[in-house]
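Trainee: This is the structure alone, sequence omitted:
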DNA sequence: AACCAGGACGTGA
DNA sequence: TCACGTCATGGT
């Protein structure tokens, strides 16, 4: 039985890297995670995904940028980035994209500011929770385990924070990932951890690749996997 | 007018 | 563990 499992593990998942290269050649670098300053700075230049910071993998460079990314990961849960960005801009106008300041804002005002993202009752609470956590970190990199203890931070958000705010090699899985690879009849696994491991075991341990791959999956899914039937005219099928 | 969005949580099998 | 209902606003 044990041997049988080992045989299964040796199954060829080379397509995982192939798909990455294919998507990269289709769409190019996505430059996630988007930061407000760079969005407005680059919006007109690229136009495609809204700019971001293509090929600059040193970002984020400041605590404030890290914190902004973390707020974004919560705000964009089950919501379009467009809505999340609007909420972030409001928070910036209120000058509370700093954990200490955000904590002083009364919950009622915070709810109103982020209303457009939906789930504002719980997300406003989550934003305060992650802010306390961020302050307690005092600049240190959080463990995945500790992140998951924070209310509002699940598997995907934890990995997003680690990968994009802290440049840790944690592959981010989302519903699009499941949808695309299932539709292509390549992977049937739905368990988050198992899927995550599958990707990580078949890719070089490389932060920029992890960052780009997840962003590319989202970009690809927006084009071919938003409305049913999924995958119509998906170029990956050719 | 349904359906989905860069999910997470609480509950009950 | 796993499936399911719930949270809520905005766009197509």
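Mentor: Structure's in. What do you need? A quick note: this is a predicted structure, and the numbers were derived from the prediction, not measured.

Trainee: correct me, but residue A:215 touches residue A:28?
Mentor: No. Look at residue A:215 against residue A:28 with CB atoms under 8 Å: they stay out of range, at 10.6 Å. C-beta here means a position set from N, CA and C on the backbone, and glycine is covered the same way.

Trainee: For the two, indicate the residue with more neighbours.
Mentor: Higher neighbour count among residue A:215 and residue A:28: residue A:215, with 22 against 16, using other CB atoms under 10 Å.

Trainee: Report pLDDT for residue A:124.
Mentor: Residue A:124 carries a pLDDT value of 98.

Trainee: Which strands and helices lie in contact with the host helix or strand of it?
Mentor: Per DSSP states H and E, residue A:124 falls inside helix A:120-137. Packing partners of helix A:120-137 (3 or more CB pairs under 8 Å, 6 or more residues apart in numbering; DSSP states H and E): helix A:63-75, helix A:99-104, helix A:107-113.

Trainee: could these be laid out in JSON lines, adding distance to residue A:136, mean pLDDT and mean neighbour count?
Mentor: Listed next are the helices and strands packed on helix A:120-137 as JSON lines, based on distance: least, CB to CB, whole Å; pLDDT from 0 to 100; neighbours: other CB atoms under 10 Å:
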{"stretch": "helix A:63-75", "distance to residue A:136": "13", "mean pLDDT": "98", "mean neighbour count": "22"}
{"stretch": "helix A:99-104", "distance to residue A:136": "10", "mean pLDDT": "98", "mean neighbour count": "15"}
{"stretch": "helix A:107-113", "distance to residue A:136": "20", "mean pLDDT": "98", "mean neighbour count": "15"}
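
Trainee: Format those as JSON lines; extra columns: distance to residue A:153.
Mentor: What follows is the helices and strands packed on helix A:120-137, written out as JSON lines (distance: least, CB to CB, whole Å):
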{"stretch": "helix A:63-75", "distance to residue A:153": "8"}
{"stretch": "helix A:99-104", "distance to residue A:153": "15"}
{"stretch": "helix A:107-113", "distance to residue A:153": "18"}
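
Trainee: out of those, nearest to residue A:141?
Mentor: Nearest of those to residue A:141, taken as CB to CB: helix A:63-75 at 9.9 Å.

Trainee: What are the buried residues along the following helix or strand past that closest one?
Mentor: Scanning forward in sequence from helix A:63-75 by DSSP H and E, the next helix or strand is helix A:81-93. For helix A:81-93, the neighbour count (16 or more other CB atoms under 10 Å) marks A:81, A:83, A:84, A:85, A:86, A:87, A:88, A:90, A:91 as buried.

Trainee: give me the element the residue nearest to residue A:144 when sequence neighbours are not counted is part of.
Mentor: In this structure, residue A:144 finds its nearest non-sequential neighbour in residue A:158, 5.5 Å apart by CB to CB, 6 or more residues apart in numbering. Here residue A:158 is covered by helix A:155-160, with elements defined by DSSP H and E.

Trainee: Would that helix count as contacting DNA strand C?
Mentor: No. Between helix A:155-160 and DNA strand C, judged by CB under 7 Å from any atom of the strand, nothing touches; the nearest distance is 11.7 Å.

Trainee: That's all I had, so thanks and see you.
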